[in-house]
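Novice: Everything below, folded, please.
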Amino acid sequence: MADFNASSIPSSTFYLTGIPGFETIHHWISIPFCILYFIGITGNCTILHAIWTDPSLHEPMYYFLAMLSFSDMGMCLPTLTSVLRVLWSISREIEFNTCVTQMFFIHAFSFTGSGVLLAMAFDRYVAICHPLRYATILTPQRIARIGIFAFLRSSLPVIPLMIRLAYLPFCHSHVLSHSYCLHQDIIRLVCADTKFNFIYGLLLVTLFWGLDSLGILVSYILILHSVLSIASWEERLKALNTCASHICAVLILYVPMIGLSIVHRFAKHASPLVHVLMADIYLLVPPVLNPIIYSVKNKKIRRGILHLITHKRIHSTLR
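Specialist: Numbering: from 1, shown residues only. Okay, here's the model as predicted:
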């Protein structure tokens, strides 16, 4: 970074720092990042393909899991090239339009993931509390509408934030403290009034994550009330076991989300490394861990993946 001259960067271009203090070993740091991206992309693509091709997985629960995998992919894929370009020292510059597009996908799909988790909580509530009405309540048409609504609800409100950035002057610096673009990071470079972005962004976080988490909490309160009325301990554990993967997915998404929001809004004087690590955890942990958790905890997903692998082997042998 010693040879970097901020004044040489065009006004429509930003400079990605990477991991501050570790610039000399970025090539080594890129190895775990490549592994995490590979696991996340391969795992979610495998889940999506297994659900698409295996008729036994054509059920509401797995349709929602496919939506979660899609939203996880939508979060991590847009950052792949910029993160690896920075860590491999190919280029640290990113155009403003590319930066805004990247921010839109990251924030829109993180909100979408939250909405999908709420839908999955409702799925578990219906399956446990109203099992006889499960198929009539969660029809394929209704599931498709829920998925479309979750994406539109999450993406459309993000657009005003992105449009607002196009009209703000960046005169302090053009150096971003991460390997990809985040709204929380870029807004600190603005030398104009940013109250709209701060208040509107906080409102989005409160409405989406707050209401979604409240809805998930209410669903599980109702589930627990229903489960506790079951006489047999084995049946109680069996019912709760179907929720274990979903609870893990909720924690995996919400803990990094909340941590990143708190760090950016209320711990601005913390070490830059803390901000970067929280941002990387927020970006990569859910796409990496969700496929692993659902593959380990769910027998049908395991069977679907094994069937996919064995079918490919048989097909390649016959050819």
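
Novice: Show me where the stretch 151-300 of the chain dips below the pLDDT cut-off.
Specialist: Applying pLDDT under 70 to the stretch 151-300 of the chain flags residues 172, 231, 265, 267-268.

Novice: how about the strands in it?
Specialist: All strands of the stretch 151-300 of the chain, identified by DSSP state E, counting those that start in this stretch, fall at 175-176.

Novice: Do a quick rundown of the helices in it.
Specialist: 159-166, 183-186, 195-205, 211-228, 233-241, 244-266, 272-297, 299-318 (DSSP state H, counting those that start in this stretch).

Novice: Need the ones you listed in TSV (columns: distance to H49).
Specialist: Using the backbone N, CA and C atoms, a C-beta is placed for each residue, glycine as well. Compiled in TSV, these are given as follows (distance: least, Cβ to Cβ, whole Å):
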stretch	distance to H49
helix 159-166	31
helix 183-186	32
helix 195-205	33
helix 211-228	28
helix 233-241	26
helix 244-266	19
helix 272-297	11
helix 299-318	6
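
Novice: CSV for those helices, including mean neighbour count?
Specialist: Formatted as CSV, the helices of the stretch 151-300 of the chain follow (neighbours: other Cβ atoms under 10 Å):
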stretch, mean neighbour count
helix 159-166, 14
helix 183-186, 21
helix 195-205, 14
helix 211-228, 16
helix 233-241, 12
helix 244-266, 18
helix 272-297, 19
helix 299-318, 13
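
Novice: Determine which of those approaches L16 most closely.
Specialist: L16 lies closest, by Cβ to Cβ, to one member of those: helix 183-186, at 9.8 Å.

Novice: So which residues lie in contact with the closest one, not counting its own?
Specialist: The contact list for helix 183-186, computed with Cβ atoms under 8 Å, 6 or more residues apart in numbering, reads 14, 99, 103, 107, 161, 165, 176-178, 197, 201, 260-261, 264-265, 275, 279.

Novice: Kindly report the same for stretch 125-137.
Specialist: Stretch 125-137 is contacted from outside by P60, M61, L138, S219, L222, I223, S226, V227, A239, T242, C243, using Cβ under 8 Å, 6+ apart.
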